[in-house]
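1. From the sequence below, what's the structure:
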Amino acid sequence: MEIMDLAVQLGQAIKADARITKMEEAKVAYEKDEDIQKLMLEYNTQQIAMAEEYKKETPDQKIIEAIENRLNEIVETVTANPTFVAINEAQEAVQALMTEVNAEIEFQITGQRPCAHDCSSCGSDCGHHHH
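-> Next up, the predicted model:
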């Protein structure tokens, strides 16, 4: 079987994984979350306003400080939102899956497992040279 045929099969298997499905569902929920979308729009608008203020010959530090405070509030509100937490966790799970897949492919090619951690979990038996 050709490498690209196997890549297609691997891609289809990954796409069928529950972690991918969960991420896609979380993305739809994120895009439909009106509170988050309004805040992200405001965040972008505030960023533009701050950039405009910085362009002035004498930027008003009070305006910049007020904008920075609002940007921080928006970030805190969005990152505490359960919809944001869900998409973030789903994306991390998919990234972990892809890291595992790539590590296995590398192992099959080289015979060595890549060390993507601090080696404490493998009992220093991962082939990583410790100094």
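2. wait, Arg113 sits on Asn102?
-> No. Judged on Cβ atoms under 8 Å, Arg113 makes no contact with Asn102 at a distance of 11.4 Å. For every residue, glycine as well, the C-beta is placed using N, CA and C.
3. Tell me which of those two has more neighbours.
-> Arg113 (15 against 12; other Cβ atoms under 10 Å).
4. What's the mean pLDDT across stretch 24-34?
-> Along stretch 24-34, the predicted local confidence has a mean pLDDT of 97.
5. Kindly apply the preceding question to stretch 50-63 instead.
-> 95.
6. contacting residues around Gln9?
-> In this structure, Gln9 makes contact with no residue, judged by Cβ atoms under 8 Å, 6 or more residues apart in numbering.
7. any idea how far Asp60 is from Ala51?
-> 14 Å (Cβ to Cβ, to the nearest Å).
8. does Glu57 sit in a helix, a strand or a coil?
-> Secondary structure of Glu57, reduced to three states by DSSP: H, G, I helix; E, B strand; the rest coil: coil.
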